[in-house]
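J.: quick one: sequence and predicted model below, then my questions.
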Amino acid sequence: MQGTSYDFIIVGAGSAGCVLANRLSADPAHRVLLLEAGGRDRNPLFRLPMLMGKLFQSGIYNWHYHTEPVPTLNGRKLYWPRGKVLGGSSTINGMLYVRGNRHDYDRWAQMGNSGWSYEDVLPAFRRSESHEQRRDAFHSPDGELTVTRSRGRNPLFDTFVEAGVAAGYRANDDFNGAEQEGFGKYDFTIRNGKRWSTSFAFLRPALARPNLSVETDAHLTRIIIENGRAAGIEYAQGGEVKRATSGSEIVLSAGTVNSPQALLLSGIGPADELRALGIDPVLDLPGVGKNMQDHVDCVMAWQCTKPVTLYKDLRADRIAFSVVEGMLLGTGITTTFPYEAGAFVRSRPELLAPDVQLHFMPALESTANLHLPNPFKKRAIEDVHGFTLRVGPVNPESRGEITLRSIDPLDKPKIQPNYLATQFDIDTMIRGIRLTREVIAQKPFDPYRGGEIAPGPGKLSEADLTAWLRATAMTTFHPVGTCKMGADPMAVVDDRLRVRGISGLRVADASIMPIISSGNTNAPAIMIGERCAQFILDAQDATA
């Protein structure tokens, strides 16, 4: 097999892949190739946090996936943006830094995944992090990934936290600290008012290393397997098919959609499904593409009786100045993210850990996408000012799958998330809706609370709320689990992230999660990259 030879090949320059590229290339003796299907992250507007809502909908830096019709959501197709650029989804996401609950990782370990308890993964979180304000046993100032407290000053953020306390919940200053439960404000991967993606944090400092090669606009077509070992890769770039060989290991960090797609195209997966597409199975691994989990949520909204929301700040006729201010000075409204406050709560008192997450925004969804008001039309305060809560379960039972649409590597795979396929998920969401209504009904919101817009005051019964959820529920953009870690028959990788049955091949991204983490998934994906790099380097030391 001809092709340029490397010690390590990393497929996917996303949240985990950029970490791996940095850590593995730190030793000048290691020749490392980082392959990315997208381009370079050169658009300066993507660095401004507030513009995420507008640009998230574009096809720039984005695979622009859509699901198949979801039967349990009235046959709707949902938009699934995933990063296609250096930095992956960390270049287009909401920048919330949420590690998850300690019980998530203890459950992973209890499932037989040695080295994945909370105490095991905390050092990896701390190794990456450079927190601008926090200094304690849970945080570090020394890593590459800048993390900071929320920057917004809208009064409704504090009102939301006060209302949660009035409803009987605790205030929580740090969702990544000793306890996750409570009402508070999120931390963000923002530095000097700009998005701090994994590309900026980990990859750019390593680009000057002569032993690191980065190939962009390079689409993997297959992994080449020889005698049970991953020997190299084949990829399309600039109208040519190219090859690269690996003398040590190949790591798939292509994400929850593209990592299983790569395995399936390479003949690794459910044998019957592969044969039905005309692919000769290399290894019958039935769990590839299965076990897919995602956080589903709903959008609740209320009118606001005072003009204190983000409506005026996010008028399109004022954004131009704010963009210049943000780019030049790192200050102003565009350097903040609208969903700055939130909560993790237990919808049933007997639960060991929170099962519902809230994201609070002092604006309506239409406002967050920027708007251009009609200067000749006078509108009531309640018609334009409002606040929004996204409400969803953090540990859904429903499972979906990723399957191939065809044997064409450039063809988008089929995504079937099966949201709200279990009564457990519906019941959890309905309890979340009801407890959210109780919070908004508390005294701190009395000066601001207008009428309920969504679901609407008339939707009270379980049947009405279930119908509303099936008509409106959406993804929180946290898909995981399609290359599950474990030792059971449906596991794809072992607890060192090695693909079972194939030597020299690992997977390191959110697809390896056996159970989804409680909260936003970018921080755990970065941690997974750290863990995989350490596993590889430890194995290298053991054989040296």
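T.: Arrived safely.

J.: what's the neighbour count on the nearest residue in space to residue 455 that is not next to it in sequence?
T.: Distance criterion Cβ to Cβ, 6 or more residues apart in numbering; nearest residue to residue 455, sequence neighbours excluded, is residue 468 at 4.7 Å. Using the backbone N, CA and C atoms, a C-beta is placed for each residue, glycine as well. A count of nearby residues for residue 468, using other Cβ atoms under 10 Å, gives 18.

J.: repeat that for residue 213.
T.: Residue 213, neighbours per other Cβ under 10 Å, totals 17.

J.: from what I can see it touches residue 30, true?
T.: No: under the criterion of Cβ atoms under 8 Å, residue 213 is not in contact with residue 30, lying 11.5 Å apart.

J.: name the residues that touch stretch 96-113?
T.: When contacts are defined by Cβ atoms under 8 Å, 6 or more residues apart in numbering, stretch 96-113 is touched by residues 115-118, 120-121, 125, 147, 175-176, 180, 186-189, 337, 339, 344, 352-354, 394, 485-488, 495, 513-524, 527.

J.: please apply the same query to stretch 277-284.
T.: Contacts of stretch 277-284 (Cβ under 8 Å, 6+ apart): 225, 264-271, 274-275, 404, 406-407, 501-502.

J.: returning to what we had before: can you select the buried ones among the contacts of stretch 96-113 for me in ChimeraX?
T.: Buried members of the contacts of stretch 96-113, defined by 16 or more other Cβ atoms under 10 Å, are picked up in ChimeraX with:
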select :116,117,118,120,121,125,147,175,176,180,186,187,188,189,337,339,344,353,354,394,485,486,495,513,514,515,516,517,518,519,520,521,522,523,524,527
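
J.: in helices only, show me the contacts of stretch 96-113.
T.: Here DSSP state H is the test, and these give 118, 120-121, 125, 522-524, 527 as lying in helices.

J.: part of a strand, is residue 233?
T.: Yes: assessed with DSSP: H, G, I helix; E, B strand; the rest coil, residue 233 lies in a strand.

J.: who does it bridge with?
T.: Taking DSSP bridges as the rule, residue 233 bridges to residue 223, residue 244.

J.: I figured it was touching residue 241, is that so?
T.: No: no contact is recorded between residue 233 and residue 241 when judged using Cβ under 8 Å, the distance being 10.9 Å.

J.: quick one: which of the two has more around it?
T.: Comparing residue 233 with residue 241 by other Cβ under 10 Å, the one with more neighbours is residue 233, at 26 against 9.

J.: separation between that one and residue 224?
T.: 6 Å (Cβ to Cβ, to the nearest Å).

J.: quick check: neighbours shared by those two?
T.: Common contacts of residue 233 and residue 224 (Cβ under 8 Å, 6+ apart): residue 243.

J.: run through the helices of the stretch 151-300 of the chain in chain order.
T.: Here the stretch 151-300 of the chain has its helices, by DSSP state H, counting those that start in this stretch, at 155-166, 198, 255-265, 271-277.

J.: would CSV of the ones you listed with mean pLDDT and distance to residue 302 be doable?
T.: CSV is the format used below for the helices of the stretch 151-300 of the chain (pLDDT from 0 to 100; distance: least, Cβ to Cβ, whole Å):
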stretch, mean pLDDT, distance to residue 302
helix 155-166, 98, 11
helix 198, 98, 36
helix 255-265, 98, 33
helix 271-277, 97, 46
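
J.: just name the most buried of those helices.
T.: helix 198 (a mean of 32; mean count of other Cβ atoms under 10 Å).

J.: helices and strands around that one, which ones?
T.: helix 15-25 (3 or more Cβ pairs under 8 Å, 6 or more residues apart in numbering; DSSP states H and E).

J.: let me see the mean pLDDT of the helix it packs on.
T.: For helix 15-25, the mean pLDDT works out to 98.

J.: pLDDT score for the nearest residue to residue 116 once chain neighbours are set aside?
T.: Nearest residue to residue 116 in three dimensions, chain neighbours excluded: residue 108, at 4.3 Å (Cβ to Cβ, 6+ apart). According to the prediction, residue 108 has pLDDT 98.
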